[in-house]
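K.L.:
Build the 3D model from these lines:
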Amino acid sequence: MRGDWSEWSESVRVQRVELIAGPIKRGASKSEPCDCKPSPSPSASHAIGNLMSATATATATATLRPAAHTKSLHLLRALLREASYLPDVTARDYFRRYIVARFKAYQPKANATASFDVKAVDKFRHRSFKRRHEGIINERAGQQQRKAQKSLNLLRRATQGEGRIVQKLLWVAYGRLGRRKYALLECLLKPDPAWPAGPTPLQQLYHSDLRCLQYFDAPTRSKNNTAWHLAISGQYPRLREVVRTQVHKGIGLRREMKKPFLATPIVNTWLQPMPLKRAVNNVRRWYAETMTRLLPPLPAAEWDRLDALSKGRQRIDFVKRRTPVAASVPPSRDVAMAEETSLEQLVQRSLAMDKPTKVEKARSIGKSHLLTARYMQRMYLRLLSLSCKLEYNDTKKRWDVIWGDSSKGAQPANYAAPVDDALFAGVNAKNGLVVKTCEKAEQVPPSRTPLPRKDDGHVQRFPFFAEQLPTSHPMRRDLDVFKRQREADRVRTGMLDGRLR
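P.N.:
Modelled structure (predicted):
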């Protein structure tokens, strides 16, 4: 008994439970001396039971680190709350599942709610959703909490109506950016089942099993015989049609795709045949760049719903923000104390000098916009112009790619036939513009006297010193003739003006 007591007291001393050690010593002093090996008294056994339960609680709490655990729980609830206020149903569902999956990846297996949840998280293929080791969870807790706080601020800015953030979240939810885009690309990169299986021509030519080589046909020479053209294989007709139509329409988030095929030079700088390794790298680089800029098609039902939302045919489901319950009125005897507390808190908040968040900055600058149906229709129109769907044409035996139009639906019809001649007289029936009649204005004789001209038609001019020359000088004689002719023209013009009046 003595040995057990010493070992147990040594473990308690190591765990540093000083607050409970005092009552334990007092309970042990009332019992008989340890040399006699007595059975512990009821008070001592009660203290031992309390200490063992307290030790187990302290050990579990130390493992969970209550401050970090509570902060993570608050962040999870705040993120789910803000995600539920997003103005789009698809975005709300997408970000709710994403938030829960990311938090489960950093949840210890011992804290999982049920066994099927543990197995479900362990089956995730993507590394972002796989469960981390407990040591990694404890090491990255602070870093992941900071990321979660930034994401919370981003969601708050979106729910406040900041247009750039709302547009980005819609792009992520509908697969224009982010993880869902590559999930949609996986469906697009599936080959045609009717195509014969086996290595593709480019894999055989380059003696490589790279995945990016299987999407191309055999190379063909360009017209000027300086480059190889690698087109997308007919084994992937959906991918080929989406790339071709996107290049033809010039659609892209940031930079547009230039060509629907790869053009690689036949020879290098030294006019030698292109090395095999460099040719493979050119194909891999073009494939990676194309997959980055490619906008995969949406499912037909989702694209039709997006088209109806953008044109006002379907109602947008907004979620009303829940407001906190008002605080109860304190009793009359506690009114003074409550006023002092509120005044003290007001002074502390005023003196805190906290840095304003981006949500508060956007609200003060005026970036926030009221989330209305008309505002969301404009957002959906921009999103629809970046989205497409695939439909199989049985007549032509090929896939048709339908892209969204950014213009608003059908325009009102123009009635070309006039119903009232007095109202529509002088209006062009084709374009609806007023026909301008060009009437010749009455020719009014010039009030200015025409100057005498030379034989070649130019006005005769003299230098300023011509009047100072002697009368026998040829230039002076020409000047006198010019003056007499000008006076005669003035008299003739005056008589003509009088007749017209």
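
K.L.:
And for Pro201, nearest residue in space, chain neighbours not counted?
P.N.:
Ala218 (4.0 Å; CB to CB, 6 or more residues apart in numbering). Where you see a C-beta, it was placed from the backbone N, CA and C, and this is true even at glycine.

K.L.:
who's in contact with that neighbour?
P.N.:
Ala218 is in contact with Pro201, Leu202, Leu205, counting by CB atoms under 8 Å, 6 or more residues apart in numbering.

K.L.:
and it, that one's in a helix?
P.N.:
No - per DSSP: H, G, I helix; E, B strand; the rest coil, Ala218 lies outside any helix segment and is coil.

K.L.:
Now do the same for it: its pLDDT.
P.N.:
Listed pLDDT for Ala218 reads 91.

K.L.:
One more: Ala120?
P.N.:
What the model reports as pLDDT for Ala120 is 56.

K.L.:
Next: the one 10 residues further on.
P.N.:
For Lys130, the model assigns a pLDDT of 75.

K.L.:
quick one: it and His74, what's the gap?
P.N.:
25 Å (CB to CB, to the nearest Å).

K.L.:
And for Ala308?
P.N.:
Relative to His74, Ala308 is positioned 38 Å away (CB to CB).

K.L.:
Then Trp303?
P.N.:
From Trp303 to His74 the distance is 38 Å (CB to CB).

K.L.:
More neighbours: which of those two?
P.N.:
Higher neighbour count among Trp303 and His74: Trp303, with 20 against 13, using other CB atoms under 10 Å.

K.L.:
Run through the residues that contact that one.
P.N.:
Contacts for Trp303 (CB under 8 Å, 6+ apart) come out as Pro297, Ser387, Cys388, Lys389, Ile402, Gly404.

K.L.:
how about a cut-off of 7 Å?
P.N.:
When contacts are counted by CB atoms under 7 Å, 6 or more residues apart in numbering, Trp303 touches Ser387, Lys389.

K.L.:
Pretty sure it sits in a strand.
P.N.:
No - going by three-state DSSP, the assignment for Trp303 is helix, not a strand.

K.L.:
Retrieve the pLDDT associated with it.
P.N.:
We have a pLDDT of 96 for Trp303.

K.L.:
same thing with Arg96?
P.N.:
Arg96 is assigned 95 on the pLDDT scale.

K.L.:
What sits closest to it if chain neighbours are left out?
P.N.:
Closest residue to Arg96 apart from its sequence neighbours, by CB to CB, 6+ apart: Ala83 at 5.3 Å.

K.L.:
do Lys258 as well
P.N.:
Spatial nearest neighbour of Lys258, excluding adjacent residues (CB to CB, 6+ apart): Val247 at 7.2 Å.

K.L.:
and the one you found, what element?
P.N.:
Assigned by DSSP states H and E, Val247 belongs to helix 237-249.

K.L.:
Listing partners with orientation, what would you give for the helix or strand following that helix?
P.N.:
Downstream of helix 237-249, the first helix or strand assigned by DSSP H and E is strand 262-265. Using DSSP bridges, the strands paired with strand 262-265 are strand 227-230 (antiparallel).

K.L.:
Go through the strand it pairs with and flag the buried ones.
P.N.:
For strand 227-230, a neighbour-count test (16 or more other CB atoms under 10 Å) marks Ala227, Trp228, Leu230 as buried.

K.L.:
What of stretch 221-235?
P.N.:
Buried, per 16+ other CB under 10 Å, within stretch 221-235: Ala227, Trp228, Leu230, Ala231, Ile232, Ser233, Gln235.

K.L.:
what does that stretch contact?
P.N.:
Residues outside stretch 221-235 that contact it (CB under 7 Å, 6+ apart): 191-192, 195, 200, 215-217, 219-220, 239-240, 243, 261-266, 283.

K.L.:
from those residues, which would you call buried?
P.N.:
Buried members of the contacts of stretch 221-235, scored by 16+ other CB under 10 Å, are 191, 200, 215-217, 219, 239-240, 243, 261-262, 264, 283.

K.L.:
and these, which two are the farthest apart?
P.N.:
Spatial extent of the buried ones among the contacts of stretch 221-235 (CB to CB) is set by the pair Pro191 and Thr264 at 23.3 Å.
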